[in-house]
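Q: Here's my sequence, what's the structure:
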Amino acid sequence: MTNLGLVAAGFAALRTPKDGLAVANAVGALSCLMVVVPAYAYEHHLTFLVPAVLASAAALGAGRLPRLAWGPWLLAFVLLCAPLTALKEQAGQSGDFTAFLLQELKTFAVLLLGALCGIAARQKSSES
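A: Numbers count the residues shown, from 1 in each chain. Below you'll find the model as predicted:
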């Protein structure tokens, strides 16, 4: 039920477009939800996040997000690009809690990217 509510909220955000960049970021946030909502996502499903990466980068460049958001954006980008095999290998050599965190880094990156897109989608454009 929670997943259905999240996806419905994503579609509701698309109903009230402010401008093209807001719509692109709303689509990016929705694509992040679509990757997170299923019980599992294989690494090739992360290609659905390309619009989210590009839209959030455009929002950063346009000043729609604060300059401090470059750090979380870069962190999410690096984590999404990190090879899963290396993360699993490192997790196998770590303690239980550290292994759990390492295995969930990509999920954290998707949620972070979705949050950045969601924030950018709600911001007013500089032309308004």
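
Q: so Tyr40 is in which element?
A: Tyr40 belongs to no helix or strand when assigned by DSSP states H and E.

Q: can you offset everything so residue one is 441?
A: That works, and once the first residue is 441, the last one we named lands at Tyr480.

Q: mind checking pLDDT for it?
A: In this model, Tyr480 is scored at 78, pLDDT.

Q: Next, give phi and psi for it.
A: phi -150, psi 160 (degrees, to the nearest 10).

Q: gap between Val550 and Gly501?
A: 21 Å (Cβ to Cβ, to the nearest Å). The way it works is simple: take the backbone N, C-alpha and C, and place the C-beta from them, glycine included.

Q: What sits closest to the residue positioned nearest the centre of the chain if chain neighbours are left out?
A: Central residue of the chain (Cα atoms, centre = their mean): Leu553, 2.4 Å from the mean position. Closest residue to Leu553 apart from its sequence neighbours, by Cβ to Cβ, 6 or more residues apart in numbering: Ala516 at 4.5 Å.
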